[in-house]
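>>> Structure for this input, please:
(4 chains)
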Protein chains: 2
Amino acid sequence: MNDEQAAHFLGALANPTRLAIVRHLVRAGPEGAAAGAIAASVDATPSRASFHLAALAELGVVSAERQSRSMIYHINFDRLGSVLRYFIEECCAGNPVLRASCGVRC
Amino acid sequence: MNDEQAAHFLGALANPTRLAIVRHLVRAGPEGAAAGAIAASVDATPSRASFHLAALAELGVVSAERQSRSMIYHINFDRLGSVLRYFIEECCAGNPVLRASCGVRC
DNA sequence: CTGTTATTTCAAGATGTCTTGCAATATGTA
DNA sequence: TACATATTGCAAGACATCTTGAAATAACAG
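Numbers count the residues shown, from 1 in each chain, chains lettered A, B, ... in the order given. As a prediction, this is how the structure comes out:
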């Protein structure tokens, strides 16, 4: 990962609708959620939700699998973690204040 | 902080030039760095660097103080940490994989 | 006061992103 | 086949962002 990639990745999260989608998928857990359910929960039209889901999927933040008529989306924590790690370690030189912000009890 | 604010904040980091500025200011430490030095180190025109520094200052990621003819910029780790904390705790429900990504040894 | 250095501001244009509404595709059911 | 459900794709317009270059401001030195 380099600054260009990291910037692209952060840009994928820099949108209220996409943050709401992430929030929903996190709480949906390993079973994931259907595109329609996601759209309803974030108060977006199907088209708009699909647009943002595609953006997140493009960068690997979420993955999709068809299940009958529905598309089931899952969150990908490893991918999310990779951009946080890059940002904290590379851009911020592992600053202790930032690390403490992650809320890990030591 | 809400999703809208967090998205705005993440957007401020979602740019290669701004990530490079953050990287430079982190390494500059508490003494900070002058706008001209920052511009040179991130390979940007004074005008372009000023534009991005203003964007970061607007959100409190950096702060500025005049020192003679120079403007000295400082990084603000607390502010950076607040958006990471919001993202990990609120959007991602404190997921352990994400927390581990912060690189804190436990 | 004049000139020099350091930085910001502004306008213009290029590019990118987001939303909307409608059409198209995929799947399942009668 | 015909129809309903679930989702994606696309085109157009609105809006935001980024870059460039020139002009304006601020601070200092002679």
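>>> list the contacts for the nearest residue to A:E90 once chain neighbours are set aside?
Nearest non-adjacent residue to A:E90, counting by CB to CB, 6 or more residues apart in numbering or on different chains: B:R23, 7.4 Å away. To be clear about C-beta, it is placed using only N, CA and C from the backbone, and glycine gets the same treatment. Counting by CB atoms under 8 Å, 6 or more residues apart in numbering or on different chains, B:R23 touches A:3, A:90-92.
>>> can I get those in JSON lines with distance to DNA strand D, secondary structure and pLDDT?
Shown next, in JSON lines, are the contacts of B:R23 (distance: CB to the nearest atom of the strand, whole Å; DSSP: H, G, I helix; E, B strand; the rest coil; pLDDT from 0 to 100):
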{"residue": "A:D3", "distance to DNA strand D": "12", "secondary structure": "helix", "pLDDT": "86"}
{"residue": "A:E90", "distance to DNA strand D": "19", "secondary structure": "helix", "pLDDT": "86"}
{"residue": "A:C91", "distance to DNA strand D": "16", "secondary structure": "helix", "pLDDT": "88"}
{"residue": "A:C92", "distance to DNA strand D": "19", "secondary structure": "coil", "pLDDT": "90"}
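>>> ok, so what distance separates the residue in chain A positioned nearest to DNA strand D from A:A49?
Closest residue of chain A to DNA strand D, CB to the nearest atom of the strand: A:G36 (2.1 Å). Going from A:G36 to A:A49 by CB to CB, to the nearest Å gives 8 Å.
>>> where are the low-confidence patches of chain A?
A:104-106 (pLDDT under 70).
>>> what are the ranges of the strands in chain A?
Remark: strands assigned in chain A by DSSP state E are A:33-34, A:62-67, A:70-75.
>>> so which of the ones you listed gets nearest DNA strand C?
Ranking those by their distance to DNA strand C (criterion: CB to the nearest atom of the strand) puts strand A:62-67 first, at 5.5 Å.
>>> And chain B, is that closest one touching that?
No. Using CB under 8 Å from any CB of the partner chain, strand A:62-67 never reaches chain B; the gap is at least 12.7 Å.
>>> What strands line up against that strand, and which way round?
strand A:70-75 (antiparallel) (DSSP bridges).
>>> does DNA strand D sit close to the partner strand?
Yes. If you take CB under 7 Å from any atom of the strand as the test, strand A:70-75 does meet DNA strand D, through A:70-71.
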